[in-house]
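Q: Compute the structure for the input listed below.
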Amino acid sequence: MGNLFRSKYNTHRRYDLKGSSLGRITAKPENELTETTILKDLDLNFIFRLKPSPYKEFCSQIDRDCELLEQEGIMDYSLLIGIHFKDISPEGELIPCGSRNANGEDSNGPSSPPSLILGANTRARVERTVRKNRYELQLVGEPIGEFYDVILHFAIIDILQDYDISKKLEHAYKSIQYDPTSISAVDPRQYSRRFRDFIFRIFTDDLP
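A: Residues are numbered from 1 along each chain as shown. Alright, predicted model coming up:
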């Protein structure tokens, strides 16, 4: 994790995303978040908008990675995302695109050089989302048209867990108590499909 976020840019938000909902929440108010807080699926309140070229590369890479992990019988992996907000107040408040600071100057920071490696210093915009009901297990909230300029770091992590007997027992036990689609421990084929469906809902093409 430390190597992934090794950059000249501070990481203001960290998300570990699996595409499942059971237990996937940190439930900290925004004013208590620190740069080392690891947020989860139900904490996510952004949609990531990439430019067409990196978005196409991103989708292709996610498909290839998930196909390989499924073939190898791997599940329980995550997409780890670090977000650097280009406009943030000294108090840690996020400033939307186009806002102006106290001096009346445009708060947009200097543009970063194009990333040569997908997932490293990747320029993007994020759009804030809101869930209809904070107690509802709604994985992806509704976009509200509030955008932020960001630099992203991301990669798939935790790729060593196969669907062994312990995970099969965990799935059987939790399926008795909860919706089987909401739990993390599912077979690699279902995990891959659910993971991709979720990732392709929270990442989208930021058309000009």
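Q: what does stretch 17-37 contact?
A: Stretch 17-37 has contacts (Cβ atoms under 8 Å, 6 or more residues apart in numbering) with 10-14, 38-44, 76-81, 92, 137, 139, 174, 178-179, 182-184, 194-195, 197-199, 202. For every residue, glycine as well, the C-beta is placed using N, CA and C.
Q: Next, residue 49: secondary structure please.
A: Per DSSP: H, G, I helix; E, B strand; the rest coil, the local secondary structure of residue 49 is strand.
Q: got it, and residue 143?
A: strand.
Q: OK, contacts around it?
A: Taking Cβ under 8 Å, 6+ apart as the criterion, residue 143 is in contact with 47, 127, 128, 129.
Q: got the residue ranges for the helices in the chain?
A: Ranges of helices in the chain, per DSSP state H, are 52-71, 165-177, 188-202.
Q: Which of those helices comes out lowest on mean pLDDT?
A: Ranked by mean pLDDT, those end with helix 165-177 at the bottom, a mean of 71.
Q: Report the two members of the contacts of residue 143 separated by the largest distance.
A: Between any two of these, the greatest separation by Cβ to Cβ is 8.3 Å, found for 47 and 128.
Q: so how many other residues sit close to the closest residue in space to residue 161 that isn't next to it in sequence?
A: Leaving aside its chain neighbours, residue 161 sits nearest to residue 76 (4.1 Å; criterion: Cβ to Cβ, 6 or more residues apart in numbering). Counted by other Cβ atoms under 10 Å, the residues lying close to residue 76 total 21.
Q: Could I get the pLDDT score of residue 76?
A: Model confidence at residue 76, given as pLDDT, is 91.
Q: Residue 194 versus that one, what's the distance?
A: Here the criterion is Cβ to Cβ, to the nearest Å. By it, residue 76 lies 12 Å from residue 194.
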